[in-house]
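Undergrad: just coords:
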């Protein structure tokens with residue numbers, strides 16, 4: 001590793017000063033052993049609750065490092081993930097995190113460093129003085145942490161990664177804190193395993209969706225891959241708008257299902273290469289009600305029936321089937337409507353040729369505030385850049 005530049009050394013020294021000041025401000029109000037034990041138990045309890053609710057690995061890691069740093073004001077709290085022969089940084093908090101590109105390794109070999117030793121051995125490393133540990137990777141002797149506690153994160157019987165805590169002073173960690181870190185790492189590993197199982201279940205759900213939509217795709221060449229394109233885009237927009245990973249997946253599932261009701265629309269209407277008559281439009285618009293009824297009967301997706309029903313509502317209240325307006329339209333339905341519009345404009349249809357992405361953007365801007373939710377359109381346009 002190249003020696004730090006003068007600027008890097010100044011930034012590290014400033015981080016150290018900030019840490020010492022903040023640590024004094026945020027130190028546990030009761031400095032006794034009993035007080036510290038109570039604080040540790042509260043941390044364990046809060047993390048147990050939060051880890052049980054989280055459903056994304058990055059969110060899990062962020063919960064852990066945030067809670068540890070906010071409670072104990074560690075110089076650094078970090079979670080690293082094993083990927084082959086390397087450890088990759090997943091989440092970090094602390095004064096060192098502010099100068100992370102100079103001070104904390106975003107990627108390191110598992111054959112080097114204290115964290116690498118823990119990843120290889122699956123054993124906790126409690127380093128009372130980093131200057132005496134042969135595996136410690138020296139970055140800047142003047143501002144390096146003097147204590148380190150690293151514990152393995154075990155998921156499904158394998159070392160998934162390492163939970164790493166660092167402190168300014170030597171001898172900062174003891175056996176009790178090692179037990180706390182091991183307990184937290186154990187909960188994190190179990191939660192990561194649970195997320196993996198849930199991902200497998202979601203894959204099973206997606207397979208079910210593919211089977212459900214296959215019948216529609218055989219009737220309407222225009223929708224073959226249409227659902228998947230809209231679903232992938234809709235999930236990204238959902239996350240951009242601040243929805244959780246679980247909510248984003250629901251948006252994706254609803255988008256995959258949004259045209260399922262077309263199974264009940266005659267093929268001659270779906271494939272008609274000319275404008276539909278009024279009577280034909282009545283049948284075409286009926287696909288949202290048919291779709292909602294079908295989805296409602298499939299237990300894992302029943303909660304998405306309203307989204308399927310309302311994905312053709314308009315923000316100005318002039319849509320169908322219920323003429324909902326504004327925020328009364330489910331957000332997932334508003335997201336799907338915008339993504340569906342973009343996809344429809346840029347896809348060949350029996351009655352017209354596809355238009356360019358730029359033409360689609362222009363049309364999205366034109367109908368924002370009348371047909372489509374302006375906030376969703378803004379997010380969609382930003383995603384399409």
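TA: Alright, I've got the coordinates. Note that the structure is predicted; figures quoted are calculated from it, not measured.
Undergrad: Any stretches of the stretch 251-385 of the chain with poor pLDDT?
TA: 349-351 (pLDDT under 70).
Undergrad: Can you show me the helices along it?
TA: 267-270, 278-285, 287-296, 305-309, 331-345, 357-367, 374-384 (DSSP state H, counting those that start in this stretch).
Undergrad: Kindly report the same for the stretch 51-200 of the chain.
TA: 57-72, 100-103, 113-121, 175-219.
Undergrad: which one of those has the lowest average pLDDT?
TA: In terms of average pLDDT, helix 100-103 trails the rest of the helices of the stretch 51-200 of the chain, at a mean of 49.
Undergrad: Can you say which of the helices of the stretch 251-385 of the chain is nearest to residue 78?
TA: helix 374-384 (30.1 Å; Cβ to Cβ). Bear in mind the C-beta positions are built from the backbone N, C-alpha and C, glycine included.
Undergrad: what inclination does the closest one have with respect to helix 357-367?
TA: 170 degrees (axes from the mean of the first three to the mean of the last three Cα atoms, to 10 degrees).
Undergrad: in the protein, which residue is closest to the centre?
TA: By Cα atoms, centre = their mean, the chain has its centre lying nearest to residue 245, at 4.6 Å.
Undergrad: Can you tell me the closest non-neighbouring residue to it?
TA: residue 56 (3.9 Å; Cβ to Cβ, 6 or more residues apart in numbering).
Undergrad: now residue 269
TA: residue 280 (5.1 Å).
Undergrad: How about residue 314?
TA: residue 371 is the one closest to residue 314 (Cβ to Cβ, 6+ apart), at 5.0 Å.
Undergrad: ok, back up a step: the residue nearest to residue 269 against residue 272, yeah?
TA: Yes: contact between residue 280 and residue 272 holds when scored by Cβ atoms under 8 Å: they sit 7.2 Å apart.
Undergrad: thinking again about what came up before, and the residue nearest to residue 314, how close does it get to residue 378?
TA: 14 Å (Cβ to Cβ, to the nearest Å).
Undergrad: Compare the two (neighbour count), which wins?
TA: residue 371 (20 against 16; other Cβ atoms under 10 Å).
Undergrad: how many other residues sit next to the residue nearest to residue 245?
TA: Residues within reach of residue 56, counting by other Cβ under 10 Å, total 16.
Undergrad: distance of it from residue 64?
TA: When residue 56 is compared with residue 64 (using Cβ to Cβ), they lie 13 Å apart.
Undergrad: ok, now how distant is the residue nearest to residue 269 from residue 274?
TA: Residue 280 is 10 Å from residue 274, by Cβ to Cβ.
Undergrad: who has more neighbours, those two?
TA: residue 280 (15 against 7).
Undergrad: Relative to residue 319, how far out is the more buried one?
TA: 18 Å.
Undergrad: And for residue 306?
TA: Counting by Cβ to Cβ - residue 306 and residue 319 are separated by 14 Å.
Undergrad: returning to what we had before: ok, now how distant is the residue nearest to the centre of the chain from residue 57?
TA: 9 Å.
Undergrad: now residue 361
TA: With Cβ to Cβ as the criterion, residue 361 and residue 57 are 34 Å apart.
Undergrad: same question, residue 297
TA: For residue 297 relative to residue 57 (Cβ to Cβ), the value is 33 Å.
Undergrad: Settle it for me: which of those two has more neighbours?
TA: Neighbour count, other Cβ under 10 Å: between residue 297 and residue 57, residue 57 has more, with 22 against 9.
Undergrad: What is the neighbour count of residue 276?
TA: If we define neighbours as other Cβ under 10 Å, then residue 276 has 14 of them.
Undergrad: which residues touch it?
TA: Residues in contact with residue 276, defined by Cβ atoms under 8 Å, 6 or more residues apart in numbering, are 269, 284.
Undergrad: Could you do residue 88 as well?
TA: Contacts of residue 88 (Cβ under 8 Å, 6+ apart): 80-81, 106-107.
Undergrad: could you redo the last one with a cut-off of 6 Å?
TA: 81, 107 (Cβ atoms under 6 Å, 6 or more residues apart in numbering).
Undergrad: so what's it bridging to?
TA: Beta-bridge pairing of residue 88 under DSSP bridges involves residue 81, residue 107.
Undergrad: From residue 127, how far off is it?
TA: On the measure of Cβ to Cβ, residue 88 and residue 127 end up 22 Å apart.
Undergrad: now swap in residue 114 and tell me
TA: 6 Å.
Undergrad: what touches both of those two?
TA: residue 148.
Undergrad: where's the residue nearest to residue 92 when sequence neighbours are not counted relative to residue 158, distance?
TA: Sequence neighbours aside, residue 78 is the residue nearest to residue 92 in space, at 4.1 Å (criterion: Cβ to Cβ, 6+ apart). Using Cβ to Cβ, we find residue 78 at a distance of 20 Å from residue 158.
Undergrad: more neighbours, those two?
TA: Using other Cβ under 10 Å as the criterion, residue 78 and residue 158 rank with residue 78 on top: 30 against 12.
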